[in-house]
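S.K.: predicted coordinates and the sequence they were generated for:
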Amino acid sequence: MLVLTRKSEEAIQIGDGITVTVLEIRGNQARLGITAPPGVRIYRGEIYEKVRAENIGSSGLSPEDFARMKERLR
Amino acid sequence: MATVHTSRFGTLEVKDDRFLHFPDGLLGFPNLRRYVLIDYKDTPLKWLQSADDPDVAFIVADPKSVVGDRPITLGGDVVQFLRIEREDDLAVLLVLRVEDGKVVPNINGPLAINSSRMMGVQAVLDRA
């Protein structure tokens, strides 16, 4: 992992299109400003990880699971 | 017509215009981009079967049948990504799983589909 130290109001440029600016640092929180081209989707890491983990846990269900769910939704 | 091999449903013959395209895949499955939706008359549940991996299929449903009238607010990025022109073209499906005997939807990751373009994306919602 690339590690860079930045102060408030300093930025990181990723490729040609993405800029991440440290807007404010207060205690253990950093406020970041991000500009990116349209179509680049940006998520909070923990939410992305939650959705990904739930997808993986849902990808191998069986026809029996389907039948059980169908009963529950009735 | 195209042939889709599946581990649950055997071999399916699918019309070319029935494939759903997820250009970014689903989270955790970025390389699986083509899906087939299998629905039934007697249940709101559907299977979303990957056309590229026989083993990968998700049980999905219209949010109304799972979470009632609780609204699901998609961001403008999703509408833009799917190039939605008419509201009627937008369909939403929730991915379901079973946990402790209960049906649990992936409420932070609804699937948004442009039904006229047969194109979809998994939204990621901070608050749901």
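M.R.: Alright, I've got the coordinates. Since the model is a prediction, treat every value here as computed from it, not as a measurement.
S.K.: contact residues of chain A facing chain B?
M.R.: A:38-39, A:41, A:43-44, A:47-48, A:50-63, A:65-66, A:68-70, A:72-73 (Cβ under 8 Å from any Cβ of the partner chain). To be clear about C-beta, it is placed using only N, CA and C from the backbone, and glycine gets the same treatment.
S.K.: among those, which lie within helices?
M.R.: Secondary structure from DSSP state H places A:47-48, A:50-58, A:63, A:65-66, A:68-70, A:72-73 of the residues of chain A next to chain B in helices.
S.K.: which one is the residue of chain A found nearest chain B nearest to, not counting chain neighbours?
M.R.: Nearest to chain B in chain A, going by Cβ to the nearest Cβ, is residue A:51, at a distance of 3.5 Å. The spatial neighbour of residue A:51 that comes closest, neighbours along the chain excluded (Cβ to Cβ, 6 or more residues apart in numbering or on different chains), is residue B:109 at 3.5 Å.
S.K.: is it true that residue B:39 touches residue B:49?
M.R.: No. Between residue B:39 and residue B:49 there is no contact, the gap being 11.2 Å when judged by Cβ atoms under 8 Å.
S.K.: comparing these two, which residue is more hemmed in?
M.R.: Taking other Cβ atoms under 10 Å in any protein chain shown, residue B:39 and residue B:49 do not tie; residue B:49 has more neighbours (26 against 12).
S.K.: show me the contacts for that one.
M.R.: Listed by Cβ atoms under 8 Å, 6 or more residues apart in numbering or on different chains, the contact set of residue B:49 reads B:4, B:6, B:8-9, B:12, B:35-38, B:56-57.
S.K.: that one is in what secondary structure piece?
M.R.: Secondary structure from DSSP states H and E places residue B:49 in strand B:45-50.
S.K.: tilt between that strand and helix A:63-73?
M.R.: Relative orientation of strand B:45-50 versus helix A:63-73 (axes from the mean of the first three to the mean of the last three Cα atoms, to 10 degrees): 150 degrees.
S.K.: direction included, what does strand B:45-50 pair up with?
M.R.: With DSSP bridges as the test, strand B:45-50 is paired with strand B:34-39 (antiparallel), strand B:57-61 (antiparallel).
S.K.: give me the contacts around the longest strand that chain B contains.
M.R.: Secondary structure assigned by DSSP state E gives strand B:90-99 as the longest strand of chain B. Strand B:90-99 is contacted by residues A:54-55, A:57-58, A:61, A:65, A:68-69, B:26, B:45-46, B:48, B:58-63, B:66-67, B:72, B:74, B:79, B:82, B:84, B:103-107, B:109-115 when judged by Cβ under 8 Å, 6+ apart.
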